[in-house]
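[1] sequence and computational prediction follow.
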Number of protein chains: 2
Amino acid sequence: MATIYDVAKRAGVSPKTVSRVLNGDAPVSKKTRETVTAAMEELGYVPSHAARSIKSNRSNLVGLITGAISNAEEAVTSAGLPELFIVQGAQAVIEQSGKTLLISDTGGRIDRVPGLVRTFQQHRVEGILYVADFHKPLDVKLPGDGLKTVLVNCFDDRGTPAVVPDDEAGQYHLVRAVLEAGHRRIAYLTLASAMQATRLRLKGYRTALSEASIDFDPALIHATDLFGSPGEDQLVWNAIDSLLNLEARPTAICCGNDRLAMAVYGILRKRGIAVPEEMSVVGFDDHRLISEGLYPTLTTAELPYSAMGARAAQVLLNMLSDPETKQQNEPIRVSGQIRHRGSLVAPAASTKDNIIDLTGRKER
Amino acid sequence: MATIYDVAKRAGVSPKTVSRVLNGDAPVSKKTRETVTAAMEELGYVPSHAARSIKSNRSNLVGLITGAISNAEEAVTSAGLPELFIVQGAQAVIEQSGKTLLISDTGGRIDRVPGLVRTFQQHRVEGILYVADFHKPLDVKLPGDGLKTVLVNCFDDRGTPAVVPDDEAGQYHLVRAVLEAGHRRIAYLTLASAMQATRLRLKGYRTALSEASIDFDPALIHATDLFGSPGEDQLVWNAIDSLLNLEARPTAICCGNDRLAMAVYGILRKRGIAVPEEMSVVGFDDHRLISEGLYPTLTTAELPYSAMGARAAQVLLNMLSDPETKQQNEPIRVSGQIRHRGSLVAPAASTKDNIIDLTGRKER
DNA sequence: CGATGTCATGTCATCGGTGTCATAAGAGGT
DNA sequence: ACCTCTTATGACACCGATGACATGACATCG
């Protein structure tokens, strides 16, 4: 590969002059610039990042670690990987800033993290983004001592800057949309109750209901552990079973995520219940492969992964350019949109009766 | 960040000795090694990749470009992104070889590729992996002249080494599985007919049928353009409509991908047809989010993205370590597994009649 | 017309490592 | 006791870029 000396020789100038043409940091006569530019062109010269980097002591690199940032030994669930959108969002911002993003994937094995961080340090990254696969607290001490760090989709209690989805607001607005469609009996099949998202979203669900003066009914809530655990189908089936057997049957079901909604479609239909005519269904995540691919398409709340990645990158860039600014202690919450699609419609008249006459007998 | 000089001073030795401890390329007395190691530890020293790299002229970096490697101005379809698995597969292999993978995403804008390649060249990558979002021919001249290149999920006619999925074998084995379940009338909703995958898979479909002595029936084939084009739902609906109106109705439907299968589930049920009891459905891709999430779970052919990424990385590493070995001209085809799940069962007795008596009146 | 400023360019040292060569201290052979 | 060989270590140049500083050629100004 051609060096700056090759270019200099070819153009008949000193290397320093070539450097000046490259960086435009000192005046160069038009004629010289053209000669040099031509020489660079002919030799296919591209400046060496490494050489610049040792001299300037600035690497212009940012590292990102994804795949499994957690403490527990969780099942390796490579099913969804929408975290990719976080990576994309981050990369767009980093790249636009003129820096380069180094991406490493743990492949689900958290014990690989220290090695990856070491590699990053060899490259003298200026900061690190840690991306978790779903919203979770973190109590591991991450390696990378002096390094500027931003957590994405997770947070710790040491005040490390973090960017997380606003689960509560998302569910709140989603339930409001369901209410506005005319529903009053709204079931909620949550994700595992231990999950951060579940706690927050349940809060949003309850707030929306209470604002509409609807009492919270525990009979409408079922936790259905996800991640393809063996008994999952059965769990969902049972949950729907008990919902359908309620005296006052719900007319809409909120699902913990789009994947669950997809299963619910199948089960409802197996039970002879048409979606959305007899039962509205909404999801969460706006995993477009599902939400746009399902028939009917799925109304859902966006999990703003791309925006979170972008935001985290901005926060990190700020920390780099402005080392003094103190970060706030609370994680930054990013809100997503509500996506209105085909699975949410007004409740059917017959079921409406069902709601008004709460003590009435249920049909079918 | 501490340098090798800092370590040397602290340990009371010369920088070169520290270097020897690091690389173990010359004998160092046990005592010195321990002193030096301790000094490195105390200072948190990590050798600078950049400094090594300029001296040795070997970057140990490999670049990967993903997001949109194509010629046409296609719709930016960020729906699925299973290419991530290609990236993961590649990264595992590259990382294991001691090199580092630089990943760049075009974000669907092909005009960004030259800039990304230039960045890669600044980092003196030793080779580049180009990853396409689906199996396609390529007739753009990729930048990065002298650079070793491997195409993944795409191929050109210049003999650039390439790794692609074995679509034909995949569909062949899938249809064989359907045949073995007892089906004889097997419909096929293909992807857009212009796609490489469609051509190859159709070939596999026909081979499997002909081996079972079943005549190819064009009435069972429908191309249903995907990628969420506006009229798509209607197209699929119509296709299924005409299949159901056939005198000899199919008992199984092959879908161009899992996403399409998901839509077919919904449409069939809307039409009152139970899956899989009255109609078996199989997909393609093994997009696990869908194939395992659907109810019933989906029998499908794996698109071996992770294996393809790994394979491509191996090919590239070979080219780097062994610059002489000529590559074969044909793309390397990687085969995937057939995933047997709930959506494929033996045809029902009534529909079996339907098959045996090809001229009989169809019920319902 | 000499002093001063600006422009255009070159010289040299330096960043953090490593390759080459030199050197000193023992070990072993005769 | 002398020579040779190995082991352990250091001095120094160099990789490809850039910062600090120097220099020569004009332009400008009082």
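    It's in. Because the structure is predicted, anything quoted here is derived from the model rather than measured.
[2] just the helices in chain A please.
    A:4-11, A:15-23, A:30-43, A:49-56, A:83-96, A:113-122, A:167-180, A:196-211, A:232-244, A:258-270, A:288-291, A:305-321, A:349-356 (DSSP state H).
[3] would you mind giving those as a markdown table with mean neighbour count, mean pLDDT and distance to DNA strand D added?
    Backbone N, C-alpha and C define where each C-beta goes, glycine included. Below are the helices of chain A laid out as a markdown table (neighbours: other C-beta atoms under 10 Å in any protein chain shown; pLDDT from 0 to 100; distance: least, C-beta to the nearest atom of the strand, whole Å):
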| stretch | mean neighbour count | mean pLDDT | distance to DNA strand D |
| --- | --- | --- | --- |
| helix A:4-11 | 18 | 95 | 3 |
| helix A:15-23 | 18 | 95 | 3 |
| helix A:30-43 | 15 | 94 | 10 |
| helix A:49-56 | 18 | 94 | 3 |
| helix A:83-96 | 22 | 88 | 19 |
| helix A:113-122 | 19 | 92 | 16 |
| helix A:167-180 | 22 | 98 | 46 |
| helix A:196-211 | 19 | 96 | 45 |
| helix A:232-244 | 17 | 89 | 56 |
| helix A:258-270 | 24 | 91 | 48 |
| helix A:288-291 | 25 | 87 | 43 |
| helix A:305-321 | 22 | 95 | 17 |
| helix A:349-356 | 15 | 49 | 70 |
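[4] return the residues of the stretch 1-150 of chain A in contact with DNA strand C.
    Residues of the stretch 1-150 of chain A lying close to DNA strand C by C-beta under 7 Å from any atom of the strand are A:12-17, A:20, A:26-29, A:31-33, A:51, A:54-55, A:57.
[5] if we check chain B, which of the residues you listed are in contact?
    Among those, the residues lying close to chain B (C-beta under 8 Å from any C-beta of the partner chain) are A:51, A:54.
[6] residues contacting residue A:169?
    By C-beta atoms under 8 Å, 6 or more residues apart in numbering or on different chains, the contact list for residue A:169 reads A:204, A:333, A:335.
[7] how about a cut-off of 10 Å?
    Residue A:169 makes contact with A:200, A:201, A:203, A:204, A:207, A:301, A:333, A:334, A:335, A:336, according to C-beta atoms under 10 Å, 6 or more residues apart in numbering or on different chains.
[8] could you do residue A:41 as well?
    residue A:7.
[9] mind checking how far it is from residue A:272?
    Distance of residue A:41 to residue A:272, given as C-beta to C-beta, to the nearest Å: 71 Å.
[10] residue A:23 versus the closest residue in space to residue A:60 that isn't next to it in sequence, what's the distance?
    Computed as C-beta to C-beta, 6 or more residues apart in numbering or on different chains, the closest residue to residue A:60 that is not its neighbour in sequence is residue A:99, at 4.7 Å. Using C-beta to C-beta, one gets 17 Å for the distance from residue A:99 to residue A:23.
[11] packing partners for the strand of greatest length in chain A?
    If you go by DSSP state E, chain A has its longest strand at strand A:127-137. With contacts taken as 3 or more C-beta pairs under 10 Å, 6 or more residues apart in numbering or on different chains; DSSP states H and E, strand A:127-137 sits against strand A:61-66, helix A:83-96, strand A:100-105, helix A:113-122, strand A:148-155, strand A:162-165, helix A:196-211, helix A:305-321.
[12] looking at the ones you listed, which is closest to residue B:212?
    If you check each of these against residue B:212 by C-beta to C-beta, helix A:83-96 wins as the nearest, at 40.1 Å.
[13] for the closest one, name the packing helices and strands.
    In terms of contacts (3+ C-beta pairs under 10 Å, 6+ apart), helix A:83-96 is packed against strand A:61-66, strand A:100-105, strand A:127-137, strand A:148-155, helix A:305-321, helix B:83-96, strand B:100-105, helix B:113-122.
[14] what angle do that helix and helix B:113-122 make?
    80 degrees (axes from the mean of the first three to the mean of the last three C-alpha atoms, to 10 degrees).
[15] quick one, helix A:83-96 and strand A:100-105 angle?
    Angle between the axes of helix A:83-96 and strand A:100-105 is 160 degrees (criterion: the same axes, to 10 degrees).
[16] export helix A:83-96 to CSV, keeping only CA atoms.
    C-alpha atoms of helix A:83-96 as CSV (Å, rounded to 0.1, in the frame of the first residue of the first chain):
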residue,chain,number,x,y,z
GLU,A,83,-31.1,-5.5,19.1
LEU,A,84,-29.6,-5.2,15.7
PHE,A,85,-31.7,-2.1,15.3
ILE,A,86,-29.9,-0.7,18.3
VAL,A,87,-26.7,-1.4,16.6
GLN,A,88,-27.8,0.2,13.4
GLY,A,89,-29.1,3.3,15.1
ALA,A,90,-25.8,3.7,16.9
GLN,A,91,-23.7,3.1,13.9
ALA,A,92,-25.4,5.7,11.8
VAL,A,93,-24.7,8.4,14.4
ILE,A,94,-21.1,7.3,15.1
GLU,A,95,-20.3,7.1,11.5
GLN,A,96,-21.8,10.5,10.8
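[17] now it, how far from the centre of its chain.
    Taking C-alpha atoms, centre = their mean, to the nearest Å, one finds helix A:83-96 lying 11 Å from the centre of the chain it belongs to.
[18] again, but for stretch A:153-172
    The chain centroid and the centroid of stretch A:153-172 are separated by 11 Å, computed with C-alpha atoms, centre = their mean.
[19] centroid-nearest residue for chain A?
    Residue closest to the average C-alpha location in chain A (C-alpha atoms, centre = their mean): residue A:305, at 2.7 Å.
[20] hang on, that one packs against residue A:86?
    Yes. Using C-beta atoms under 10 Å, residue A:305 is in contact with residue A:86, at 4.7 Å.
[21] count of residues packed around residue A:277?
    By other C-beta atoms under 10 Å in any protein chain shown, the residues close to residue A:277 number 13.
[22] please apply the same query to residue A:111.
    Residues near residue A:111, counting by other C-beta under 10 Å, number 9.
[23] pLDDT at it, what is it?
    At residue A:111, the pLDDT value in this model is 84.
[24] also residue A:123?
    Here the pLDDT value assigned to residue A:123 is 95.
[25] wait, it touches residue B:49, no?
    Yes. Assessed by C-beta under 10 Å, residue A:123 is found in contact with residue B:49 at 4.9 Å.
[26] overlap in contacts, residue A:305 and residue A:86.
    Common neighbours of residue A:305 and residue A:86 (C-beta under 10 Å, 6+ apart) are A:131, A:152, A:153.
[27] what's the end-to-end length of stretch A:47-67?
    Counting by C-alpha to C-alpha, to the nearest Å, you get 33 Å between the two ends of stretch A:47-67.
[28] distance to residue A:64 for the shared contacts of residue A:305 and residue A:86 - can I get that in CSV?
    Shown next, in CSV, are the shared contacts of residue A:305 and residue A:86 (distance: C-beta to C-beta, whole Å):
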residue, distance to residue A:64
A:131, 6
A:152, 9
A:153, 12
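[29] top of those by neighbour count?
    Among the shared contacts of residue A:305 and residue A:86, the one with the most neighbours (other C-beta under 10 Å) is residue A:152, at 35 neighbours.
[30] I'd say that one and residue A:304 touch.
    No. Contact criterion C-beta under 10 Å: residue A:152 and residue A:304 do not qualify, at 11.5 Å.
[31] give the residues shared as contacts by the two.
    Both residue A:152 and residue A:304 are contacted by A:86, A:89, A:165, A:311, A:334, under the criterion C-beta under 10 Å, 6+ apart.
[32] run a quick neighbour tally on the nearest residue to residue A:266 once chain neighbours are set aside.
    Setting aside the residues directly before and after it, residue A:266 is nearest to residue B:295 in space (C-beta to C-beta, 6+ apart), at 2.7 Å. By the criterion of other C-beta under 10 Å, residue B:295 has 21 neighbours.
[33] dihedrals phi and psi, residue B:295?
    The phi/psi pair for residue B:295 (degrees, to the nearest 10) reads phi -120, psi 120.
[34] hmm, it is touching residue A:271, no?
    No. Residue B:295 is not in contact with residue A:271 according to C-beta under 10 Å; the separation is 11.0 Å.
[35] so what's the residue nearest to the centre of chain A up against?
    Residue A:305 sits next to A:82-90, A:131, A:152-153, A:165, A:285-287, A:334, A:336 when contact means C-beta under 10 Å, 6+ apart.
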